[in-house]
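> here's my sequence, what's the structure:
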Amino acid sequence: MKPADPGTYQPPPDTGLDIIYQDEALLILNKPSGLLSVPGRGVDKQDCLARRVQARIADAMIVHRLDMDTSGIMIMARGADMHRALNRLFQQREIGKRYIALVAGRLDPPTGTIRLPLITDWPNRPRQKVDHRLGKPSVTHYRLLSYQPEQVCSRVELIPETGRSHQLRVHMLALGHVILGDNLYAEGENRQRAPRLLLHASELSLRHPLTGEPLRFTSEPPF
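Modelled structure (predicted):
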């Protein structure tokens, strides 16, 4: 199956919310691949996770985003006070995130850190690119989890320190191991090898903004 055309938006059907955790301060949800986190430009891009959640939980507010094609864990605030509190935690890098991806080839070395400055590739937006003069600093730690020789691909753990747009996708491309099914950055066979971007937000950890209790949420990737 071929990945969706990046120029069209075909969100998955609304079959209800996949809520991992909910209390008076926050929501933890699983976002499906192919669904925008927030409304996009144009009347055809208004269906998104934020709108679906707010139709059911009126005080829910977006704190961060996942790429449309990325699946996995997202956190939403309950009300303006919690929105400010969670924003502070993100700004202070006190919310931990972990992703799982399937990438082309075998990672060697099996662990490392990518430090590359990123900027929007304006003639080709929404693509991002490495720009050592104007780009904003971005840091990703990676670790090989397993190698699948029959598919010539690697399952990797990605832990971002920063949250630049498309950071994990561009970092893996720059490393020479593009994420499979990426309809923006992969070419040829690597783009066709999966019906979606094989990138999943699999873990999120933080201290509860009201109680200070350490929380850790996980979500298994569907690939």
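> alpha carbons only for contacts and neighbour counts from here, please
Noted.
> excluding sequence neighbours, find me the nearest residue to L184.
Closest residue to L184 apart from its sequence neighbours, by Cα to Cα, 6 or more residues apart in numbering: R127 at 6.8 Å.
> count of residues packed around the one you found?
Neighbour count of R127, defined by other Cα atoms under 10 Å: 16.
> distance of it from Y185?
8 Å (Cα to Cα, to the nearest Å).
> with E157 instead?
In terms of Cα to Cα, E157 sits 19 Å off from Y185.
> ok but H141 is inside a helix, no?
No. Counting by DSSP: H, G, I helix; E, B strand; the rest coil, H141 is not part of a helix but strand.
> on the pLDDT front, check T8 for me.
What the model reports as pLDDT for T8 is 86.
> for it, the count of nearby residues, please.
9.
> helix/strand/coil for it?
Judged by three-state DSSP, the three-state class of T8 is coil.
> ok, R191 next?
Applying three-state DSSP: R191 is helix.
> what do you get for L215?
strand.
> quick one, what contacts it?
L215 makes contacts with 205-208, as judged by Cα atoms under 8 Å, 6 or more residues apart in numbering.
> could you check how far it is from R196?
Distance from L215 to R196, by Cα to Cα: 30 Å.
> who's more crowded, E157 and Y185?
Neighbour count, other Cα under 10 Å: between E157 and Y185, E157 has more, with 21 against 18.
> where's the more buried one, which helix or strand?
strand 153-160 (DSSP states H and E).
> partner strands of that strand, parallel or antiparallel?
strand 96-104 (antiparallel), strand 139-148 (antiparallel) (DSSP bridges).
> quick one: contacts of the lengthiest helix in the chain?
The longest helix of the chain (DSSP state H) is helix 80-91. The contact list for helix 80-91 (Cα under 8 Å, 6+ apart) reads 25-26, 61-63, 76-77, 95, 209.
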